[in-house]
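Colleague: From the sequence below, what's the structure:
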Amino acid sequence: MQMDSSVDRPPVRPGLVIRMKTALIYSVVCAAICLCLAEVMPQAQNKGAPAADQPAQSAAKDQAAKPVERPFLISAPKVFTKLERPPVKFNHDKHTTALEQEGCERCHAKDTKGVFSFSFPKVRNESSAKALMNSFHDECIGCHQKRAAENKKAGPAACGECHRDEKESGRKEYVPVLPEYYDVVKDAYHKDCLACHREPAKSHKEAESLDWQKFYLREKKQQELSWPKMVSDYQVHDKHYKGLDKKCDPCHYMSPARRQRLAADGKQPTNRDWLLDIDEANSLTDEKAAHARCLNCHLTRKAENKKGGPFICSGCHSGIERTIKQMAEVPRPLSDQTDKYLIELKEDARAKSVPFNHKSHETNSRSCQECHHKTVRPCGECHTTKPGKEGGGISLSEAYHKVSSSWSCIGCHETVKKQQSCAGCHARRENGLAESSCNACHTGDLKSLNVAKLPPPKELLPNDSKDEMVIGVMEKSYKPSKMPHLAISRKLTDLSNQSTLAGYFHRDQTTICAGCHHHGPVQKKVKAMQCSVCHMNRQQAEGATPTLLGAYHQQCLGCHKQMVQTEKKLPQNCTGCHEEKQKG
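Modeller: You can find the predicted model right below:
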């Protein structure tokens, strides 16, 4: 990127703008959009977290009390290569604080109804690129010069003081360009690499996990500064619901057609009625519309001396995301949902209906949007057996089963299986749907929602099974390793019984046993096959099957690193399991 290296110039505004090139003007045009998009949103304040998670709550409060100074670039990436000068790094929160007495109207215009339009500048001439650039410079530099003349604290007026060459403004990174139809995991050319570089990584081979999203095509683009996304979780919703006297209409939309149907039936709208329609022009999922609606509401309530949300960027875009545990006591939205029901499939579907525990998923999510999109309509209304336009070209089967999608049932479950408490076993198993997966969900019976509990390991192990087992495969260099077999079995059983998801899918009593004894048949009260039956005690492996030594290290050490990750809790190196023999 070529940039003008000249020193600061005097603040002669008309002459200055004439000398600027047209490319800079287009960057400023886009800047106006950036400026209003990055304005402000309602604050997801971090009070009300349960007492059981007090440290996390305190940390969230501390972060909220000290907003991060986070500027954004007045620019557009596509024109960075044509700029004479670096883009302007603009700090909106600093301006909001400095101009608090004058209010938002100092920079933003109001319409005839007194509603703010968060575009900038207020007076903008778009007859030409230079005219628009003049509009920006007249507004910004004009304000700075006026405040300086009044002996008030003011911003810079010279070119180089705003258009500064800094790392953030010049940084370029390679970003992935990945078509939707491409699934790298199924690419035959990547199978060998995926054997080691998987997620979570196979630590025994010291192969770090790779971001497979970047393994198709990459292009060099400007990496813009940006605020963290506003997270509208259950706590944010509950705070708004109570603060707005439990009214849905200030935020949610209902189509005229639905209003007429309810009026004709003599019914009052329920919570669910407010969640079935989308106002495309003023959707809260659209950044520009959300900023306008939320911020105007906050400012109106402030003017009426009512409790309202923030009007600085960091008030909402804090980067703090509450956990499910922190929101355990937060009420979930009431939308007339049924706690348990059958997901009825289409007439041409060949599988049985799927029993679904909606209440359980509510308590194990952070917001409704983790499963739903813009409304709470059933998936089958948009996603049909054959891909359609309303469903975005995603079939109903794909919407439920796509492994790589965080929206699908299977994709979400795969994410949960990567957690430390699950990864010890699941990191070494194939991801996605197994042969037995279909019947596990497609039962057609609500009774199958009853969560099972695995029995104590003592009830499964043979009567003559030892609580501690001795492994002497490395006895030439080390003393035999003692493995607390029963203690490990109990711990894994407890972890499974504490998980609702595991309780649903770990139906077989010997599921935990199969975590280690993965290929051989496992039966109650019957000794499992020894590892050496498949893994030979040799120096070199034959094919894809590890040697006995390799199998032990992959299974034991791999599990230690995946589930605990600290030497203090479980051994992570040789001497943690193998005591060295005395020499001589």
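Colleague: From here on, just use CA atoms for contacts and neighbour counts.
Modeller: Fine.
Colleague: Would you mind listing where this protein has pLDDT under the threshold?
Modeller: Per-residue confidence of the chain (counting by pLDDT under 70) places the weak regions at 1-69, 75-83, 167-225, 565, 584.
Colleague: ok, residue 495 to residue 97 distance?
Modeller: Residue 495 sits 49 Å away from residue 97, going by Cα to Cα, to the nearest Å.
Colleague: ditto for residue 385
Modeller: For residue 385, the distance to residue 97 - Cα to Cα - is 54 Å.
Colleague: all strands of this structure, in order?
Modeller: For the chain, applying DSSP state E gives strands covering 72-74, 88-90, 109-110, 116-117, 172-176, 218-222, 340-343, 354-357, 469-471, 481-483.
Colleague: Pull the distance from the last one to the chain's centre.
Modeller: Taking the mean of its C-alpha atoms, strand 481-483 sits 40 Å from the chain's own mean (Cα atoms, centre = their mean, to the nearest Å).
Colleague: Adjacent strands (with direction) for that strand?
Modeller: Strands that pair with strand 481-483, judged by DSSP bridges, come out as strand 469-471 (antiparallel).
Colleague: For stretch 538-554, buried residues please.
Modeller: 546-554 (16 or more other Cα atoms under 10 Å).
Colleague: which residues are in contact with it?
Modeller: Applying Cα atoms under 8 Å, 6 or more residues apart in numbering, the external contacts of stretch 538-554 come out as 204, 473-474, 531-532, 534-537.
Colleague: What subset of the residues you listed is buried?
Modeller: Of the members of those, the ones counted as buried by neighbours, 16+ other Cα under 10 Å, are 204, 531, 535-537.
Colleague: what's near enough to touch residue 275?
Modeller: 252-254, 335, 375-377.
Colleague: Mind putting those residues into a markdown table with neighbour count?
Modeller: Output for these, formatted as a markdown table (neighbours: other Cα atoms under 10 Å):
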| residue | neighbour count |
| --- | --- |
| 252 | 18 |
| 253 | 19 |
| 254 | 17 |
| 335 | 13 |
| 375 | 15 |
| 376 | 18 |
| 377 | 14 |
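Colleague: now those residues in CSV, with distance to residue 440?
Modeller: Formatted as CSV, the contacts of residue 275 follow (distance: Cα to Cα, whole Å):
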residue, distance to residue 440
252, 37
253, 38
254, 38
335, 28
375, 28
376, 26
377, 25
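Colleague: tell me the most buried of the strands of the chain?
Modeller: Across those, averaging neighbours per residue (mean count of other Cα atoms under 10 Å) puts strand 72-74 on top, at a mean of 22.
Colleague: That strand: how far from the chain's middle?
Modeller: What separates the centre of strand 72-74 from the centre of its chain is 24 Å, taken as Cα atoms, centre = their mean.
Colleague: cool, stretch 547-562 as well?
Modeller: A distance of 31 Å separates the centroid of the chain from that of stretch 547-562, by Cα atoms, centre = their mean.
Colleague: so which of the strands of the chain gets nearest residue 123?
Modeller: Taking Cα to Cα as the criterion, strand 109-110 is the member of the strands of the chain that comes nearest to residue 123, at 8.6 Å.
Colleague: Just give the number of residues close to the residue nearest to residue 500 when sequence neighbours are not counted.
Modeller: Once its chain neighbours are removed from consideration, residue 500 has its nearest residue in residue 451; the separation is 6.9 Å (Cα to Cα, 6 or more residues apart in numbering). Here the count is done by other Cα atoms under 10 Å, and residue 451 has 17 residues near it.
Colleague: likewise residue 362?
Modeller: Using other Cα under 10 Å, residue 362 has 19 neighbouring residues.
Colleague: residues contacting the closest residue to it other than its chain neighbours?
Modeller: Spatially, and ignoring its direct neighbours in sequence, residue 362 is nearest to residue 332 (7.0 Å; Cα to Cα, 6+ apart). Contacts for residue 332 (Cα under 8 Å, 6+ apart) come out as 234, 238, 362-363.
Colleague: repeat that for 10 Å
Modeller: With contacts defined as Cα atoms under 10 Å, 6 or more residues apart in numbering, the neighbours of residue 332 are 233-235, 237-238, 359, 362-363, 365-368.
Colleague: buried subset of those residues?
Modeller: Listed as buried from those are 233-235, 237-238, 362-363, 365-368; burial here means 16+ other Cα under 10 Å.
Colleague: so which of those would you say is closest to residue 459?
Modeller: Taking Cα to Cα as the measure, residue 459 sits nearest to residue 363 out of the buried ones among the contacts of residue 332, at 32.0 Å.
Colleague: For the closest one, give me its contacts.
Modeller: Under the criterion of Cα under 10 Å, 6+ apart, the neighbours of residue 363 are 324-325, 327-332.
Colleague: could you show me where the helices are in the stretch 101-250 of the chain, in order?
Modeller: Counting by DSSP state H, counting those that start in this stretch, one finds helices in the stretch 101-250 of the chain at the ranges 129-149, 159-162, 167-170, 191-194, 234-243.
Colleague: what's the closest of those helices to residue 419?
Modeller: With respect to residue 419, and counting by Cα to Cα, the nearest of the helices of the stretch 101-250 of the chain is helix 191-194 at 19.5 Å.
Colleague: close enough to count as contact, residue 579 and residue 480?
Modeller: Yes: Residue 579 is in contact with residue 480 according to Cα atoms under 10 Å; the separation is 7.7 Å.
Colleague: quick one, which of the two is more surrounded?
Modeller: Neighbour totals were compared for residue 579 and residue 480, and residue 480 leads with 19 against 15 (other Cα under 10 Å).
Colleague: residue contacts, the more buried one?
Modeller: Residues near residue 480 by Cα under 10 Å, 6+ apart: 469-474, 577-581.
Colleague: Also residue 398?
Modeller: Residues in contact with residue 398 (Cα under 10 Å, 6+ apart) are 383-387, 405, 408-410.
Colleague: Just the buried ones out of the residues you listed, please.
Modeller: 383-385, 387, 405, 408-410.
Colleague: which among those gets closest to residue 139?
Modeller: The nearest one, if we look at the buried ones among the contacts of residue 398 relative to residue 139 and count by Cα to Cα, is residue 405, at 45.5 Å.
Colleague: Skipping adjacent residues, who's closest to that closest one in space?
Modeller: Nearest-residue entry for residue 405: residue 411, 5.0 Å, with adjacent residues in sequence omitted and distances by Cα to Cα, 6+ apart.
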